[in-house]
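Novice: Got a predicted structure plus its sequence, pasted below:
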Amino acid sequence: MSSRTLTLLSLMVALRIAALASDLPGSKDPPGMKRYEGSEIIGYREPRFDEFLVPMGPPTSQDPPKYTKSVKVEGLVSRYTYVAPAGRTATELLRNYKLEFQRLDLVTLYEKPAGEGGWFGPTLTHIEVEDKIGDILAYNQAQERVLVGKSKDASPTYYYVFVTTYRDGNMPDRLHSLVTKDIALAELVVVTPQQMEKKMAFVNAGEMSRSLADSGKIALYGIYFDTDKDTVRPDSQATLQEIANLLTGNRGLKVSVVGHTDNQGKPDYNLDLSRRRAASVVRELTSKYGVAPDRLSSFGCGFYAPVASNDTEDGKAKNRRVELVKW
């Protein structure tokens, strides 16, 4: 093969890679969740307030979708459709999302492997994304896989992952060169609380108790400190009172107060700050709310246990938290 031919082939490959390297304009990944390496977003609906029926069992009806077991949630619903690189399989995509569920410490509510009864594809044809992307997801029952989970927050975020390979369906013109037979596809639906900051800020004693029973911990965002300070601010009173109510109503309960920071500043400084803040919360609870000292302990993790990416302000806000951990 001549050098000219090799150069032309290299150029064609480079142009092909460049053509596949861009997502749908205006689209982006869901906050904190990684995509399968090399995948591209071909369908997207930005977060908007809506309701969504989260499946926790096989479908019993397609239009409207109904399932043997489900929960209806409302919040900011967003949708993301990915096409995987050529040669990847639906099994690889599903394995990737299962690893993401583990990394994000999500609770798996339902999993449907390939070949199991129940056909989810037709429930996706109503998806409100550009060019009716749902049509290309619907026609390969033998290859579809489903994974559903939620975060461990008192007001959880729900994740619905549908994986398949393309076999048939109405193909938007813009995708003819990209979506080919047997290429793997993933549809992701994310439902987050509408007023995240408000719901993050206040958690009552009942919600704390349920989260401690379910996951052994609860993240609190209603305990405030000034920047670089370890003194609990007065506007933390509502959350501190709910912690006191929790312990009063559960006489045998003991908890560790664990401080967390974002990644701003040096690691040793953040670790020390988180420890001092946790100790301040314990002092407030014992001195002002009458909680017995032997029911509390304090600990600091600095930025070593994030729950979101520190690359965004929203992620940093989620990482700056106090947690109660049951012991």
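Specialist: Arrived safely, thanks for sending.

Novice: following the longest strand along the chain, which helix or strand comes up?
Specialist: Ranked by residue count, the top strand of the chain under DSSP state E comes out as strand 40-55. Using DSSP states H and E, the helix or strand that follows strand 40-55 in sequence is strand 59-62.

Novice: Show me what that following strand pairs with in its sheet, parallel or antiparallel.
Specialist: Strand 59-62 pairs in its sheet with strand 65-67 (antiparallel), by DSSP bridges.

Novice: mean confidence score for the partner strand?
Specialist: Averaging pLDDT along strand 65-67 gives 92.

Novice: Is it correct that V281 falls within a helix?
Specialist: Yes: counting by DSSP: H, G, I helix; E, B strand; the rest coil, V281 is found in a helix.

Novice: ok, how many other residues are close to the nearest residue to it once chain neighbours are set aside?
Specialist: Nearest non-adjacent residue to V281, counting by CB to CB, 6 or more residues apart in numbering: V257, 4.8 Å away. Where you see a C-beta, it was placed from the backbone N, CA and C, and this is true even at glycine. V257 is flanked by 24 other residues according to other CB atoms under 10 Å.

Novice: Next: the one 5 residues further on.
Specialist: Summarising burial for D262: neighbours were counted as other CB under 10 Å, giving 19.

Novice: Against D230, how distant is it?
Specialist: 16 Å (CB to CB, to the nearest Å).

Novice: Which positions within the longest strand of the chain qualify as buried?
Specialist: Buried residues in strand 40-55, counting neighbours by 16 or more other CB atoms under 10 Å, are found at E40, I41, I42, G43, Y44, R45, P47, F52, V54, P55.

Novice: Same check on stretch 228-244?
Specialist: So for stretch 228-244, counting by 16+ other CB under 10 Å, buried means D230, V232, S236, T239, L240, E242, I243, A244.

Novice: Same list, those, but as CSV with pLDDT, distance to G117 and secondary structure please.
Specialist: Formatted as CSV, those follow (pLDDT from 0 to 100; distance: CB to CB, whole Å; DSSP: H, G, I helix; E, B strand; the rest coil):
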residue, pLDDT, distance to G117, secondary structure
D230, 95, 56, coil
V232, 95, 54, strand
S236, 90, 51, helix
T239, 93, 46, helix
L240, 96, 50, helix
E242, 95, 45, helix
I243, 97, 46, helix
A244, 96, 50, helix
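
Novice: just to revisit the earlier point, was I right about the residue nearest to V281 contacting R295?
Specialist: No: with contact defined as CB atoms under 8 Å, V257 and R295 do not form a contacting pair (10.8 Å).

Novice: Which residues are in contact with the nearest residue to E284 once chain neighbours are set aside?
Specialist: Leaving aside its chain neighbours, E284 sits nearest to V232 (5.1 Å; criterion: CB to CB, 6+ apart). When contacts are counted by CB atoms under 8 Å, 6 or more residues apart in numbering, V232 touches I223, Y224, F225, L240, R277, S280, V281, E284.

Novice: Let's see that with 7 Å instead.
Specialist: Shown in contact with V232 (CB atoms under 7 Å, 6 or more residues apart in numbering): I223, F225, S280, V281, E284.

Novice: Pick the one among these closest to V291.
Specialist: E284 (9.2 Å; CB to CB).

Novice: what about the closest one, neighbour count?
Specialist: E284: 20 neighbours (other CB under 10 Å).

Novice: Can you say which helix or strand has it in it?
Specialist: With DSSP H and E as the criterion, E284 is inside helix 267-288.

Novice: For that helix, which outside residues touch it?
Specialist: Outside helix 267-288, the residues touching it (CB under 7 Å, 6+ apart) are 223, 225, 230-232, 240, 243-244, 257-261, 291, 293, 296, 298-303, 322.

Novice: Of these, which belong to helices?
Specialist: The helices, defined by DSSP state H, take in L240, I243, A244 from the contacts of helix 267-288.

Novice: Now render those residues as JSON lines, adding distance to E187.
Specialist: Formatted as JSON lines, those follow (distance: CB to CB, whole Å):
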{"residue": "L240", "distance to E187": "43"}
{"residue": "I243", "distance to E187": "40"}
{"residue": "A244", "distance to E187": "45"}
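
Novice: State the mean pLDDT of stretch 110-126.
Specialist: Per-residue scores along stretch 110-126 average to 87.
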